[in-house]
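Enquirer: Got a predicted model here, sequence first, then my questions.
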Amino acid sequence: MSRIGKRPIKLSQAIEVSYNERLLTVKGPKGTLELKAHPAIELNIDAENILVTVADLNAPMTPMLGTTWALISNMIHGVTEGFQRQLNLVGVGYKATVNQKNLEMSLGYSHPIKYALPDGIKATVNGNTKIVLESTDKQLLGQVSAVIQKFRPPEPYKGKGILFEGEKIQRKAGKSGKT
């Protein structure tokens, strides 16, 4: 059984939590998120805490305890503070702009790449080469940033591509000449 899943999740004053028919709704200053609880998991909610417990100790889905705890914890963090991810464009001529809900990138191809940002994602571009994505939903933020990175994945020879902030690319030596 999960050790982290046994801990209560603290609620702040700025959060409203409702739970009916296995649907957990968390409202905060940054937005609203919903989670459909697994049938093997029970949620006990009071004024200050959320406690995640297993409905049946003999059920095979007890690993969902820690997963559900982490999802609820991320929801609470998302609606209070939000999540942020930065992507860096590394390469000559690589740049990005944001037009309404579209991210337009020039990544060395013969055409610009246009990506429509889904609802819940806010993008800003700093200095033409730094894309900052913000969201209340951690899973959606990670998925969108992975999709954007797939347009020009980092390559190991010259180090060009779209890199996450702090990501290090292990460089490879190119072809060696005759010696």
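Expert: All right, it came through fine. As the structure is a computational prediction, the values presented were derived from the model and not from experiment. Residues are numbered from 1 along each chain as shown.
Enquirer: State which strand of the chain is the longest.
Expert: strand 83-90 (DSSP state E).
Enquirer: Can you point out the buried residues in stretch 82-91?
Expert: 82-83, 85-91 (16 or more other C-beta atoms under 10 Å). Where C-beta positions appear, they are placed from N, C-alpha and C, glycine not excepted.
Enquirer: do stretch 56-76 as well
Expert: Within stretch 56-76, the residues scored as buried using 16+ other C-beta under 10 Å are 62, 64-66, 68-76.
Enquirer: Show me what it is in contact with.
Expert: Stretch 56-76 has contacts (C-beta atoms under 8 Å, 6 or more residues apart in numbering) with 1-7, 9, 11-12, 15, 24, 26, 28, 33, 35, 37-41, 43, 50, 52-54, 138-139.
Enquirer: Could you tell me which of those belong to strands?
Expert: Using DSSP E, the contacts of stretch 56-76 in strands are 9, 24, 26, 28, 33, 35, 41, 43, 50, 52-54.
Enquirer: and the angle for the lengthiest helix in the chain with strand 49-54?
Expert: Assignment by DSSP state H gives helix 64-80 as the longest helix of the chain. If you take axes from the mean of the first three to the mean of the last three C-alpha atoms, to 10 degrees, helix 64-80 sits at 150 degrees to strand 49-54.
Enquirer: mind checking the end-to-end distance for stretch 91-104?
Expert: Criterion C-alpha to C-alpha, to the nearest Å; first-to-last residue distance in stretch 91-104 is 16 Å.
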